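Visitor: Compute the structure for the input listed below.
(one chain, ligands or ions: 1)
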Amino acid sequence: DTGSAAAIPINEVDIAYVTPVTIGTPPQTLMLDLDTGSSDLWVFSSLTPSNQVRGQEIYSPTKSSTSKLLSGHTWSIRYGDGSGSRGTVYTDNFTIGGLEVKSQAVQAALEVSSSFTQEQSLDGLVGLGFSALNTVRPSSQLTFFDNARPNLDEEVFTADLKYHATGSYDFGFIDSKKYAGNITYTAVQQSPGYWTHSLSGYSVGSGAFHASQISGISDTGTTLLYLPTAIVTAYYRQVQGAQNSQYYGGYVFPCSSTLPTFTFGIEGARFTIPASYINYTRISPTSTTCYGGLQSSSGLGINIFGDVALKAAFVVFSGTNPPRIGFAIK
Ligand SMILES: Cc1cc(CN)n(C)n1
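Guide: Residues are numbered from 1 along each chain as shown. Okay, the predicted model is just below:
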C-alpha cells in the first residue's frame, strides 16, 4: 500500500502544516498536524467542551458505525511549547491520502489548552514519532505509521514541506519526482522515541563550513530551527541591528535587514536554508521588527530541526531496522 496527502500551511508564516484525514464510517474529514516530534494521534471531538472549540472540525465517535471505545484508557500530553491536551480513546478506521488503517487508536480530546482552541485551522495531531512516546495508559497505542507499516510497499514516509506553499506527505514510497540528486541517509537513535540524528556541521552565508556533530530531532510539528547558542550568535552577528530580546524571547532584527543563508550538513551533503525562511515574521502586524526562524535551543535541552530547516529539503523517515533519516535537495 501507499498514501499521499497535502501538507497545507495554516497561516501566512507556515506556523504549522495540516493534512486532510478521514476517520470512521461514514468518513469524517479533519485537518491534522502530522508531527514527527510526538506519538499521539488526538483530535478535537464531540467530547471536547464547546467553550474550548473555536471553529475546529470535530470527530464524533457516536456518528461512526466502526468506532469502538477503548474502555478504561486515557491520555494526556504536554508539548515543548507548553500546549497540551488530554482525553479518552477510541479505535476507528483512519485514512491519510488513501492509505487506510483499520482500528487506529484515535485519542478524543476531553480538554485542550488555549493555544489549541485559538488555532481554528488545526483539528488535532497525528504523531509520527516512535510509538514508545505514546501517552495512552494503561496500554500505550501504536502510531498510524507503525500500524500501516506491515502493508506499506516500503517502510518509509516522506515529508516535502514548502515555504509559503502546499507540500506533501507520502507513505510507503519515495517519489523521485520530488527531489534532485541523491538522498543522503544518516543514523537515527530511536530512544527515547524521537527521530534523533546528528548534523555534520553548519555554515553561515558564504562562510566556512564548521564540521561539528550536532545532535537533535527532526520535528515536523515544530515551526522553527533551534540550535546551540554559539551557532545562533554566530549567525546573528552577521545581521545588522539583531539582538537577543528577553522581551520577545529570542533573536529579533529590523525587518529590512539583509539576512545570510544558513547551511547544515547531513554526512557529506549540504542543505542551504534561504534567508527568507529565517526572516520568519513581524513581531506584530505593523511592526518593523522581525523575529528569527533560527533561535537558541539553550532553554529546550534538545536541538530541534523544525520546519524552517525541513522545508529546505526532501526528507525520508525510514522505519527500517535500524531506522534512518534521509535528506535530498529539491
Ligand atoms: C502542538 C505541538 C507539537 C510540537 C512538536 N512536537 N510542538 C512544539 N507543539
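
Visitor: Doesn't residue 150 belong to a helix?
Guide: Yes: assessed with DSSP: H, G, I helix; E, B strand; the rest coil, residue 150 lies in a helix.

Visitor: How about the stretch 1-150 of the chain: which residue is closest to the ligand?
Guide: Nearest residue of the stretch 1-150 of the chain to the ligand: residue 37, at 2.9 Å (Cβ to the nearest ligand atom). No exception for glycine: its C-beta is placed from N, CA and C like everyone else's.

Visitor: With adjacent residues omitted, what lies nearest to that residue?
Guide: Counting by Cβ to Cβ, 6 or more residues apart in numbering, residue 37 lies nearest to residue 219, which is 3.3 Å off, once chain neighbours are set aside.

Visitor: what sits against residue 82?
Guide: Counting by Cβ atoms under 8 Å, 6 or more residues apart in numbering, residue 82 touches 113, 115.

Visitor: Could you give the secondary structure assignment for it?
Guide: coil.

Visitor: What of residue 115?
Guide: Residue 115 ends up helix, using three-state DSSP.

Visitor: How confident was the prediction at the closest residue to residue 142 other than its chain neighbours?
Guide: With sequence-adjacent residues excluded and distances taken as Cβ to Cβ, 6+ apart, residue 142 is closest to residue 131, at 4.9 Å. Turning to residue 131, the model gives it a pLDDT of 98.

Visitor: and residue 131, how many neighbours?
Guide: 18 (other Cβ atoms under 10 Å).

Visitor: isn't residue 93 right up against residue 101?
Guide: Yes: the criterion here is Cβ atoms under 8 Å, and residue 93 meets it with residue 101 at 7.4 Å.

Visitor: of the two, who's got more company?
Guide: residue 101 (24 against 19).

Visitor: SS state for the more buried one?
Guide: Three-state call for residue 101 (three-state DSSP): strand.

Visitor: and it, how far is that from residue 88?
Guide: Residue 101 is 19 Å from residue 88, where distance means Cβ to Cβ, to the nearest Å.

Visitor: list the buried ones in stretch 84-94?
Guide: Buried residues in stretch 84-94, defined by neighbour count with 16 or more other Cβ atoms under 10 Å: 85, 86, 87, 88, 89, 90, 91, 92, 93, 94.

Visitor: The residues you listed: which two are farthest apart?
Guide: Farthest-apart pair in the buried residues of stretch 84-94 is 86 and 93; separation 23.8 Å (Cβ to Cβ).

Visitor: Run through the bridge partners of residue 127.
Guide: Residue 127 forms beta bridges with residue 35, as assigned by DSSP bridges.

Visitor: Where does the prediction get shaky in the stretch 51-200 of the chain?
Guide: Nowhere does the stretch 51-200 of the chain drop to pLDDT under 70.

Visitor: How about the residues of it by the ligand?
Guide: Applying Cβ under 6 Å from any ligand atom, we find that the stretch 51-200 of the chain lies next to the ligand at 79, 80, 81, 83.

Visitor: out of these, which are buried?
Guide: Using 16+ other Cβ under 10 Å, the buried ones in those are 79, 80, 83.

Visitor: could I get those residues as a markdown table with distance to residue 167?
Guide: Shown next, in a markdown table, are these (distance: Cβ to Cβ, whole Å):
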| residue | distance to residue 167 |
| --- | --- |
| 79 | 22 |
| 80 | 23 |
| 83 | 23 |
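
Visitor: Who are the contact partners of the spatially closest residue to residue 13 that is not a sequence neighbour?
Guide: Of all residues not flanking residue 13 in the chain, residue 281 sits nearest, at 4.4 Å (Cβ to Cβ, 6+ apart). For residue 281, the contacting residues are 13, 290, 291, by Cβ under 8 Å, 6+ apart.

Visitor: The residues you listed in strands, which ones?
Guide: Among the contacts of residue 281, the members found in strands (DSSP state E) are 290, 291.

Visitor: Got a ChimeraX select line for the buried ones in the contacts of residue 281?
Guide: Buried residues among those (16+ other Cβ under 10 Å), as a ChimeraX selection:
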select :13,290,291
